[in-house]
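**Student:** Prediction below, plus the sequence it came from.
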Amino acid sequence: MLKPTNPGLWLFICLCACGRPAGQSIISRPIPFGAQREQLTLDYIRQHYDSGATDIQTTPQIIVIHWTVTPTLESLYAVFGPDTLAASRNAIRRGGRVNVSSQFAVDRDGTIYQLMPGNRMARHTIGLNRISIGIENIGGPEQPLTSSQLQANAWLVRRLCKEYPGIRFLIGHHEYLAFRATPFWQEKDPTYVTSKQDPGADFMLRLRQSVSELMLLAGPP
Ligand SMILES: [Zn+2]
């Protein structure tokens, strides 16, 4: 293969061939997800969504953007690592034993990590877990999300829309209750809800502007 020596040419080739900024990629770094976690996830699906479910596969239609509040990628892995929910998670403990997680995480510098397959259920958004993909961003109210994270989220959203053509919605976690009382909402227990602020209206506005060509919806039709 012909190897250009001009770095600018390499950049040009990468932008043409990959349609992405040079250097953007997904690093596979799975969280532990063995037989026990899979069974607990299936238990969650049966309890909340479908008592006859036989697997933890999802059909992604919604991308949900989060922030972690935990300040580093390593602290996020520490939170997501165990199979079972931490005892301190009082607000959602009655929802079941399986631990929370998301399929992707974006570090402060825009590096993207894949924690789970995009079509296996993660516990990240009540009511919508079986039809959504969660993207966590390292940051929170005291640690505003960065422009590198914004760019990485936009790149990842575009990529996921290609991989899962059924994706129609892009929402922030703080917007998820708009799906309540619509056919998309699968939670059986009407009292099992939480109030969320992540990742905030400003980040979602900028992300939606970045991927406006995808025509994703911000809420139920
Ligand atoms: Zn969240």
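**Tutor:** Structure received.
**Student:** Quick check: the gap between the residue sitting nearest the centre point of the chain and residue 35.
**Tutor:** A centroid search over the chain (CA atoms, centre = their mean) returns residue 134, at 1.5 Å, as the residue closest to the centre. Going from residue 134 to residue 35 by CB to CB, to the nearest Å gives 22 Å. Where you see a C-beta, it was placed from the backbone N, CA and C, and this is true even at glycine.
**Student:** related to what we said a few turns ago, secondary structure class for the residue nearest to the centre of the chain?
**Tutor:** strand (DSSP: H, G, I helix; E, B strand; the rest coil).
**Student:** Contacts only, for it.
**Tutor:** By CB atoms under 8 Å, 6 or more residues apart in numbering, the contact list for residue 134 reads 64, 66, 101, 102, 103, 104, 122, 124, 125.
**Student:** run the last query once more with 6 Å
**Tutor:** By CB atoms under 6 Å, 6 or more residues apart in numbering, the contact set of residue 134 is 64, 66, 102, 103, 122, 124.
**Student:** now do residue 204
**Tutor:** Here residue 204 is in contact with residue 172 (CB under 6 Å, 6+ apart).
**Student:** roughly how far apart are it and the ion?
**Tutor:** Shown here: residue 204 relative to the ion, a distance of 12 Å by CB to the ion, to the nearest Å.
**Student:** repeat for residue 129
**Tutor:** 12 Å.
**Student:** from memory that residue sits against residue 121, does it?
**Tutor:** Yes: applying CB atoms under 6 Å, one finds residue 129 in contact with residue 121, separated by 5.4 Å.
**Student:** what number of residues lie near residue 65?
**Tutor:** 28 (other CB atoms under 10 Å).
**Student:** That one pairs with what?
**Tutor:** residue 135, residue 172 (DSSP bridges).
**Student:** contacting residues for it?
**Tutor:** So residue 65 contacts 135, 172, 199 (CB under 6 Å, 6+ apart).
**Student:** and which of these is nearest to residue 71?
**Tutor:** Distance to residue 71, by CB to CB, is smallest for residue 199 among the contacts of residue 65, at 14.9 Å.
**Student:** if we can go back for a sec, not counting sequence-adjacent ones, nearest residue to the residue nearest to the centre of the chain?
**Tutor:** residue 102 (3.2 Å; CB to CB, 6 or more residues apart in numbering).
**Student:** quick one: low-confidence parts of the chain?
**Tutor:** Low-confidence segments of the chain, defined by pLDDT under 70, are located at 1-23.
**Student:** Tell me where it has strands.
**Tutor:** According to DSSP state E, the chain carries its strands in the segments 26-28, 62-67, 104-106, 112-114, 132-137, 169-172.
**Student:** Please identify the residues of the chain in proximity to the ion?
**Tutor:** 66, 173, 198 (CB under 5 Å from the ion).
**Student:** from these, which is closest to residue 92?
**Tutor:** Of the residues of the chain next to the ion, the one sitting nearest to residue 92 (CB to CB) turns out to be residue 173, at 13.0 Å.
**Student:** how near is that closest one to residue 34?
**Tutor:** 27 Å.
**Student:** Between the two, which has more neighbouring residues?
**Tutor:** Neighbours were counted for residue 173 and for residue 34 using other CB under 10 Å; residue 173 has more, 25 against 8.
**Student:** Cross-check the contact I'm expecting between that one and residue 66.
**Tutor:** Yes: judged on CB under 6 Å, residue 173 makes contact with residue 66 at a distance of 4.9 Å.
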